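Peer 1: sequence plus the predicted model coming up.
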Amino acid sequence: MLKMCRHLFSSAVLLLFVLLICCGSPAVHAEGNAPAAAQVPKTVDLFVPNRTIVERGGGRRTRDSFASPSLASAGGVLIAFAEGHIDHTNSLQQRSDWLTFADIVAGYIKSAESWSSLVAEVNASTWEAHGVLDRTNIVDHVGIASLPTTIAKDNKVFLLVGSYDWIKKPEGHWEAGKWDLELVVGEARQPKETQDKVIQWGQRISLLSQIEPSATRRGVKDFIGAGGSGVVMKDGRLVFPLVARRGEDFVSMIIYSADDGNSWTLPQGMPPAGCTGLFIVEWEQGQLLMIAQCLHARKVFESRDMGATWTEAVRTLTRVQANFLSAPSQLDQRVTSLTTATIAGKKVMLYTQKGITPEEKVRATALYLWVTDNNRTFHLGPISMDATERWTSGNALLHSKNALYLLQEGGSPKARSVALASLTGELKTITSVLETWASVDSFLSNSSVPTVGLVGFLSGASSEGTWDDAYRCVGATVTNATKVENGFKFTGSESHAMWPVNMWYNDKLYGFVDYEFTLVATVTIHKAPNGSASLLGAGLEDNEETKFVGLSYTREKQWGTVFNGITTTRNSTWEPGKEYKVALMLQGNEGSVYVDGVLVGITNKLPTLEARRYQISHFYFGGSESSSVTVKNVFLYNRPLNGVKKVDDSDASRERAGGSSTHEDGPAPETWHNAGSPAVLSTDGDAAHNKPTGDFPGLTGAQAAAEKGLSLNGGGGDSAGYHGGVSRGMLLAVLGLCGAAAVF
């Protein structure tokens with residue numbers, strides 16, 4: 001039988017292996033998997049039904065309810081917006097059950113040195129709300145202004161509102177009038193005495209005349225702001241999210257201005273009909289991201305041409321995406337706000353989402369704050385909780401001047417109030433976690449370990465029953481295992497660990513594993529099992545707990561690869577007590593397994609997520625009968641570290657489905673064949689990191705600097721200075737790292 005061609009792994013992974021061989025990992029002292037849930041932040045009521053006075057046109061009166069909060073900061077002034085509702089009373093002084101007048105009200109809070117001073121300012125007898133955009137409210141004519149949407153730039157705040165009227169006809173029925181889309185711009189002032197002129201508002205302007213020609217061509221009408229906030233892009237353009245009607249459907253889109261609000265453009269593109277409830281941010285320069293609630297799913301879209309086209313971004317913000325047909329509970333777990341911020345020198349997205357507490361288990365009654373750099377993700381909270389007498393709904397996040405605020409609507413359906421919370425403790429935790437990310441990244445980068453796409457690292461830190469993630473995002477659950485340096489020893493079928501990186505009950509943190517990933521780990525097998533035993537791998541969230549990509553080992557001291565539940569025994573062997581470096585990779589329908597940089601199994605016939613329907617939910621370690629293994633230093637990447645184009649795998653000898661049936665007739669059916677051809681290795685990644693370098697063909701520009709002194713084949717150049725593909729200088733540097741005590 002032909003021997004399997006031995007293929008060196010990409011130098012990025014090889015160097016990672018060398019680092020782990022020489023000195024293991026740094027002693028990372030993390031504070032558990034994620035920040036501990038804090039107490040719900042204290043709030044101060046801003047708009048309270050039948051209590052808060054609203055000044056409008058010289059008159060003052062209360063409102064029956066408030067809704068749809070929006071929050072902005074301009075010129076040092078914090079500005080809270082909401083719809084102010086008044087139940088309509090007809091000419092017979094009978095209240096209508098369905099008709100409600102609505103205007104837009106605002107409350108101004110001048111720069112406060114502390115939360116206590118802010119509360120004191122709001123609770124002062126002189127503090128009141130102000131009508132910003134009013135409507136008609138008479139017996140037979142009821143105006144409605146909806147969903148205030150705001151943008152702040154320098155000392156100006158831009159307020160976009162959709163509005164219309166209900167008019168009572170002589171025949172006695174009510175008829176909706178024409179919709180309008182209005183913009184009003186305010187400028188922050190600092191008056192010495194009066195609070196009512198903190199923001200000087202200009203004249204309201206209808207934008208319909210500017211956008212109707214484009215709207216008519218697209219067949220859309222009845223525009224309204226999406227609520228919450230818009231975006232000031234890096235190039236200064238102002239962008240508002242919109243919802244409009246097209247036939248019987250509602251559609252989402254944007255409107256933008258390139259001249260500080262003097263003129264506005266309605267681009268041609270929009271996501272599919274039925275996608276509303278949207279939030280937008282600019283992530284990369286010129287890249288707009290949109291989260292939208294669609295008919296049967298929550299989706300993420302992106303546009304890089306200012307809304308001319310929108311494409312579904314299935315691998316961006318994967319944890320917020322959900323199919324309501326397969327996961328009905330996700331319908332209630334709404335994303336309720338979205339913004340960006342630069343904290344501890346790192347740009348992140350912050351969003352709030354309703355979630356199910358461990359105690360509730362059924363209904364989404366808690367509001368959580370999520371933080372992501374579109375790579376790693378963690379959450380805090382709950383930051384608010386529903387109660388029998390007070391149900392929360394809409395909210396708005398704002399990060400401004402090193403402070404983080406939450407403006408939230410809550411109460412009963414007929415009497416809702418709006419309250420402000422300062423997320424001071426949460427911001428401190430976010431800062432701490434982001435500093436941890438930077439510290440761990442810096443240590444690994446200085447050690448020439450690739451950190452581009454590295455989202456999780458299980459090493460020396462652990463707490464009771466948990467193998468902690470050094471990045472403080474999500475750790476692994478450990479059962480009946482013995483703690484060892486940088487990992488755990490697993491003995492027997494009841495001894496195992498499970499890393500729930502994409503489980504619904506664990507908030508589906510990393511959905512990218514359904515499409516591509518690389519898992520790298522250090523393993524030691526202490527004795528042969530009675531038959532075949534699982535070592536580690538990725539599992540599906542199906543009833544059979546299918547092992548999708550994995551590595552096993554046999555009593556005959558042979559390796560076995562696992563692809564979609566089918567185990568194939570290989571002729572390559574293992575030795576008891578020897579430490580091995582293992583890498584599992586998935587890229588679309590391609591799966592591969594490496595041991596010490598040598599390819600031991602590959603397939604291009606794995607079913608994609610759409611075909612298999614079940615998600616990859618977790619990674620597993622140990623857990624087989626009569627097994628005795630140690631797993632240490634586990635790295636999870638959200639991208640493949642290399643790609644294998646060809647392989648001769650005539651070495652495969654037998655295949656087991658579900659651990660029972662065998663395949664004796666040569667190579668396993670899922671294997672690619674090209675006898676005698678060497679594997680072609682290349683480093684894959686996003687376009688920004690995928691330009692090959694002249695010194696290191698196949699390596700990305702982002703990694704090449706870290707690969708100095710490496711050779712893909714152990715030769716070439718100054719061959720006398722290389723050992724096993726790693727330069728003598730690099731080995732000395734690696735050995736020097738062994739004295740490192742801790743990252744932080």
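Peer 2: Right, received. Where do you want to start?
Peer 1: which strands and helices lie in contact with the lengthiest helix in the chain?
Peer 2: Ranked by residue count and defined by DSSP state H, the top helix of the chain is helix 424-446. For helix 424-446, the elements it packs on are strand 335-343, strand 346-355, strand 366-372, strand 377-385, strand 403-412, strand 454-463, judged by 3 or more C-beta pairs under 8 Å, 6 or more residues apart in numbering; DSSP states H and E. Just so you know, the C-beta spots here come from the backbone N, C-alpha and C atoms, and that holds for glycine as well.
Peer 1: same thing but at 7 Å, please
Peer 2: In terms of contacts (3 or more C-beta pairs under 7 Å, 6 or more residues apart in numbering; DSSP states H and E), helix 424-446 is packed against strand 335-343, strand 377-385.
Peer 1: quick one: contacts for the closest residue to Ala403 other than its chain neighbours?
Peer 2: Nearest in space to Ala403, with sequence neighbours left out and distances taken as C-beta to C-beta, 6 or more residues apart in numbering, is Ser422 at 6.7 Å. When contacts are counted by C-beta atoms under 7 Å, 6 or more residues apart in numbering, Ser422 touches 41, 115, 403, 405.
Peer 1: mind running it again at 8 Å?
Peer 2: Ser422 makes contact with 41-42, 115, 118, 403-405, according to C-beta atoms under 8 Å, 6 or more residues apart in numbering.
Peer 1: identify the bridge partners of it.
Peer 2: Note on Ser422: beta-bridge partners by DSSP bridges are Tyr405.
Peer 1: re the thing from before, now do the longest helix of the chain: distance to the chain's middle.
Peer 2: Distance, stretch centre to chain centre, for helix 424-446: 17 Å (C-alpha atoms, centre = their mean, to the nearest Å).
Peer 1: and the angle for it with strand 403-412?
Peer 2: Between helix 424-446 and strand 403-412, the angle comes out at 130 degrees (axes from the mean of the first three to the mean of the last three C-alpha atoms, to 10 degrees).
Peer 1: show me what counts as buried in helix 424-446.
Peer 2: Buried residues in helix 424-446, counted by 16 or more other C-beta atoms under 10 Å: 426-427, 429-430, 433-434, 436-437, 439-441, 443-444.
Peer 1: repeat for stretch 277-287
Peer 2: The neighbour-count check on stretch 277-287 (16+ other C-beta under 10 Å) flags 277-283 as buried.
Peer 1: in strands, which of the residues you listed appear?
Peer 2: 277-282 (DSSP state E).
Peer 1: turn the residues you listed into JSON lines, including distance to Arg63.
Peer 2: Formatted as JSON lines, these follow (distance: C-beta to C-beta, whole Å):
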{"residue": "Gly277", "distance to Arg63": "24"}
{"residue": "Leu278", "distance to Arg63": "27"}
{"residue": "Phe279", "distance to Arg63": "26"}
{"residue": "Ile280", "distance to Arg63": "29"}
{"residue": "Val281", "distance to Arg63": "31"}
{"residue": "Glu282", "distance to Arg63": "34"}
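Peer 1: please enumerate the strands of the stretch 201-350 of the chain.
Peer 2: Remark: strands assigned in the stretch 201-350 of the chain by DSSP state E, counting those that start in this stretch are 205-206, 221-225, 228-229, 231-232, 238-246, 249-257, 276-282, 288-293, 297-303, 311-312, 322-323, 335-343, 346-355.
Peer 1: for Ile566, find the nearest of these.
Peer 2: Closest to Ile566 of these, according to C-beta to C-beta: strand 322-323, at 26.9 Å.
Peer 1: and the closest one, average pLDDT?
Peer 2: Averaged over strand 322-323, pLDDT sits at 86.
Peer 1: just checking: what are the partner strands of that strand?
Peer 2: With DSSP bridges as the test, strand 322-323 is paired with strand 297-303 (antiparallel).
Peer 1: please export the C-alpha coordinates of the strand it pairs with as PDB.
Peer 2: Extracted in PDB, the C-alpha atoms of strand 297-303 (Å, rounded to 0.1, in the frame of the first residue of the first chain):
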ATOM      1  CA  ALA A 297     -35.700  35.400  10.500                       C
ATOM      2  CA  ARG A 298     -33.500  38.000  11.900                       C
ATOM      3  CA  LYS A 299     -30.800  38.900   9.400                       C
ATOM      4  CA  VAL A 300     -27.800  41.100   8.900                       C
ATOM      5  CA  PHE A 301     -27.200  43.000   5.700                       C
ATOM      6  CA  GLU A 302     -24.300  45.100   4.500                       C
ATOM      7  CA  SER A 303     -23.800  47.800   1.900                       C
END
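Peer 1: and the angle from that strand to strand 346-355?
Peer 2: Angle, strand 297-303 to strand 346-355, by the same axes, to 10 degrees: 160 degrees.
Peer 1: pLDDT of strand 297-303, averaged?
Peer 2: Rounded mean pLDDT across strand 297-303 is 96.
Peer 1: repeat that for stretch 164-177.
Peer 2: Average pLDDT, stretch 164-177: 84.
Peer 1: cool, and stretch 458-476?
Peer 2: 95.
Peer 1: how long is it from one end to the other?
Peer 2: Start-to-end span of stretch 458-476 (C-alpha to C-alpha, to the nearest Å) is 8 Å.
Peer 1: again, but for stretch 507-523
Peer 2: Taking C-alpha to C-alpha as the measure, stretch 507-523 stretches 29 Å from start to finish.
Peer 1: how far off centre is it?
Peer 2: Centre-to-centre, stretch 507-523 and its host chain are 14 Å apart (C-alpha atoms, centre = their mean).
Peer 1: next, the buried residues of it.
Peer 2: Result for stretch 507-523 [16+ other C-beta under 10 Å]: buried residues 507-523.
Peer 1: could you list which of the residues you listed belong to helices?
Peer 2: Per DSSP H, the subset of those in helices is empty.
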